[in-house]
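S.K.: Requesting a structural model of the entry that follows:
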Amino acid sequence: MRAVVVESFGGPEVLTAGEVADPTPGDGELLVKVAAAGVNYIDTYHRTGAYPMPTPFVPGLEGAGEVVAVGDGVSRFKVGDRVAWSAAIGSYAELAKVPEAGAVAVPDGVELEVAAGAMLQGMTAHYLTRSTYAVQEGDTVLVHAAAGGMGLLLTQGVKALGGRVIGTVSTAEKEKLAREAGADEIIRYTETEIAPEVRRLTDGQGVHVVYDGVGKDTFDASLASLRIRGTLALYGAASGPVPPFDLQRLNSAGSLFVTRPTLGHHVLTREELDWRAGEVFAGIQAGKLTIRISGRYPLADAAQSHEDLQARRTTGKLLLIP
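M.R.: Predicted coordinates for the structure are as follows:
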């Protein structure tokens, strides 16, 4: 089969497409013909070795496709079923081995490309807005990178729960996309300092929660944007990891909360996985949740997809199409 392989850690150039042996499903595994694989920031961490793993390896965690074979002990799925997943390494390929425990059925009316783009980011937005900080009617929320794949989903999720969204973006084009997703207020961080503008937009109070996937570049502004007893949900580090800081800052800034959640800890059981994925897919089916796919790349252009993602040249979701 064709697949993207990382032989050694490094920049986007280490992503090379070639022929590799077809995988064989083991006990409790599905073999899936991949219709689309999601491109996510965590893939760049695997590629660079920031999250080390043995080389060579086929990157990619997220995808959707059709089951073509099943291993021993599989009972939930059969050949021909449409499935999606968010945590099966090796998804940048024509065929992927997917643990049955991490696969969910793709319902009728949801295209496989949309399903591939909805799993990791969709369920992340779900746990952030419903579990990490459960948004309530009337809450004001700051969403960084509001025109990115995660930002668009977070904005839609907050609005569905009755919250008010202040989004940060860099350009007029991205502002338009964020407002179309429901953002109430926009801060162009290239022109305006974030925290003072948040204070102005909230009558000096600050926001109830900041959803921050940027990390190092926005961390201080995020803390400074919170109201007393506000929550900073740091779910990613697109600009790099946040350096160590003095916890006493949380006291003096208003008894603040900071958390660094991850999706894996929010889909620990089959019931929780089905709940989160089910609500994401139900929103798509009902037309209440839009997955904006802004880039489709062949496997041979995997390096370009990573370059575009890390250069912030994109909006919405990026997919590899085997």
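
S.K.: For the rest of this, base every contact and every neighbour count on C-alpha atoms.
M.R.: Fine.

S.K.: the strands in the stretch 201-322 of the chain, which residues?
M.R.: Ranges of strands within the stretch 201-322 of the chain are 207-212, 226-234, 257-259, 293-298, 317-321, based on DSSP state E, counting those that start in this stretch.

S.K.: Would you mind finding the most buried of those?
M.R.: Comparing the strands of the stretch 201-322 of the chain by mean neighbour count (mean count of other C-alpha atoms under 10 Å), strand 207-212 comes out on top with a mean of 27.

S.K.: tell me the angle of that one relative to strand 226-234?
M.R.: Angle, strand 207-212 to strand 226-234, by axes from the mean of the first three to the mean of the last three C-alpha atoms, to 10 degrees: 20 degrees.

S.K.: Counting by contacts, list what strand 207-212 packs against.
M.R.: strand 140-143, helix 219-224, strand 226-234 (3 or more C-alpha pairs under 8 Å, 6 or more residues apart in numbering; DSSP states H and E).

S.K.: between these, which gets nearest to residue 167?
M.R.: The closest of these to residue 167 is strand 140-143. By C-alpha to C-alpha, the value is 4.8 Å.

S.K.: List the buried residues of that closest one.
M.R.: Using 16 or more other C-alpha atoms under 10 Å as the test for burial, strand 140-143 gives 140, 141, 142, 143.

S.K.: Check stretch 303-311 too.
M.R.: In stretch 303-311, the ones that count as buried by 16+ other C-alpha under 10 Å are 303, 304, 305, 306, 307, 308, 309, 310.

S.K.: how about the host helix or strand of residue 154: buried residues?
M.R.: Following DSSP states H and E, one finds residue 154 within helix 149-160. Within helix 149-160, the residues that count as buried by 16+ other C-alpha under 10 Å are 149, 150, 151, 152, 153, 154, 155, 156, 157, 158, 159.

S.K.: Over to stretch 176-189?
M.R.: Here stretch 176-189 shows 177, 178, 179, 181, 182, 183, 184, 185, 186, 187, 188, 189 as buried, counting by 16+ other C-alpha under 10 Å.

S.K.: Looks to me like residue 167 is in a strand.
M.R.: Yes. Per DSSP: H, G, I helix; E, B strand; the rest coil, residue 167 lies within a strand segment.

S.K.: pretty sure it is touching residue 140, no?
M.R.: No. Using C-alpha atoms under 8 Å, residue 167 is not in contact with residue 140; the gap is 10.7 Å.

S.K.: ok, longest strand in the protein?
M.R.: Using DSSP state E to define each element, the chain has its longest strand at strand 29-39.

S.K.: Mind listing residues that contact that one?
M.R.: By C-alpha atoms under 8 Å, 6 or more residues apart in numbering, the residues outside strand 29-39 that reach it are 23-25, 60-72, 74, 91-100, 112-113, 116-117, 305-306, 317-322.

S.K.: Following element in sequence after that strand, please.
M.R.: Next in sequence after strand 29-39, counting helices and strands by DSSP H and E, comes helix 41-48.

S.K.: who does that next one touch, helix- and strand-wise?
M.R.: Looks like helix 41-48 contacts helix 302-310 (3+ C-alpha pairs under 8 Å, 6+ apart).
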